[in-house]
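Participant: starting from these lines, generate the structure:
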Amino acid sequence: MSRRPRSKTAGPKGAHSFAELKLEITQLQRELTRAEARIRQLEGGGADPMVAKRLAELEEGQKIARGLAVDAAVARSRAEAELKALRDAISKATGFNGWLLRRAQKRLGKG
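Facilitator: Residues are numbered from 1 along each chain as shown. Below you'll find the predicted structure:
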């Protein structure tokens with residue numbers, strides 16, 4: 001099938017459309033030649049540099065993700081330690097203020 005629509009009249013454009021068809025055939029032949037060359041390159045191992053580059057990018061991203069995960073784990077540990085210290089301080093607080101803090105903690109349901 002042709003890429004261009006067929007015209008219903010073959011009047012004075014007959015010679016002009018033949019030139020267009022010839023140009024389109026030439027362009028398609030060039031595209032086909034480029035595609036075949038690309039296929040030969042990929043089959044001959046030409047894709048290896050592209051694959052190696054992409055793998056390197058993925059590995060770098062993986063290292064960054066691991067580092068972020070370690071940072072998050074450290075931050076969580078610190079936050080849990082601070083929470084434990086605050087709870088211990090509330091439980092050891094003396095006097096009326098200590099009683100108010102413990103009561104507030106119980107009402108929040110976190111104690």
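
Participant: buried residues in stretch 86-96, which are they?
Facilitator: Neighbour-count burial for stretch 86-96, with 16 or more other C-beta atoms under 10 Å as criterion, is recorded at I90. From N, CA and C alone the C-beta is placed, and that goes for glycine too.

Participant: touching it from outside, list them.
Facilitator: Residues outside stretch 86-96 that contact it (C-beta atoms under 8 Å, 6 or more residues apart in numbering): G98, L101, R102, Q105, G111.

Participant: among these, which pair sits farthest apart?
Facilitator: G98 and G111 (12.9 Å; C-beta to C-beta).

Participant: what's the next secondary structure element after the helix or strand of the chain with the lowest mean pLDDT?
Facilitator: In the chain, the helix or strand scored least confidently by mean pLDDT, DSSP states H and E is helix 14-41, which has a mean of 86. Following the chain from helix 14-41 toward its C-terminal end, the next helix or strand by DSSP states H and E is helix 48-92.

Participant: average pLDDT across the very next helix or strand once past that next one?
Facilitator: Where DSSP H and E defines the elements, the next helix or strand beyond helix 48-92 is helix 95-108. Averaged across helix 95-108, pLDDT comes to 90.

Participant: equivalent analysis for stretch 78-87, please.
Facilitator: Averaging pLDDT along stretch 78-87 yields 94.

Participant: just the C-alphas of it, formatted as PDB.
Facilitator: The C-alpha trace of stretch 78-87 is given here as PDB (Å, rounded to 0.1, in the frame of the first residue of the first chain):
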ATOM      1  CA  ARG A  78      18.000   8.100  66.000                       C
ATOM      2  CA  ALA A  79      14.300   9.000  66.100                       C
ATOM      3  CA  GLU A  80      13.400   5.800  68.000                       C
ATOM      4  CA  ALA A  81      16.200   6.500  70.500                       C
ATOM      5  CA  GLU A  82      15.000  10.000  71.100                       C
ATOM      6  CA  LEU A  83      11.400   8.800  71.600                       C
ATOM      7  CA  LYS A  84      12.600   6.200  74.100                       C
ATOM      8  CA  ALA A  85      14.600   8.900  75.900                       C
ATOM      9  CA  LEU A  86      11.500  11.200  76.000                       C
ATOM     10  CA  ARG A  87       9.300   8.400  77.300                       C
END
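
Participant: since that was my last question, I'll sign off now.
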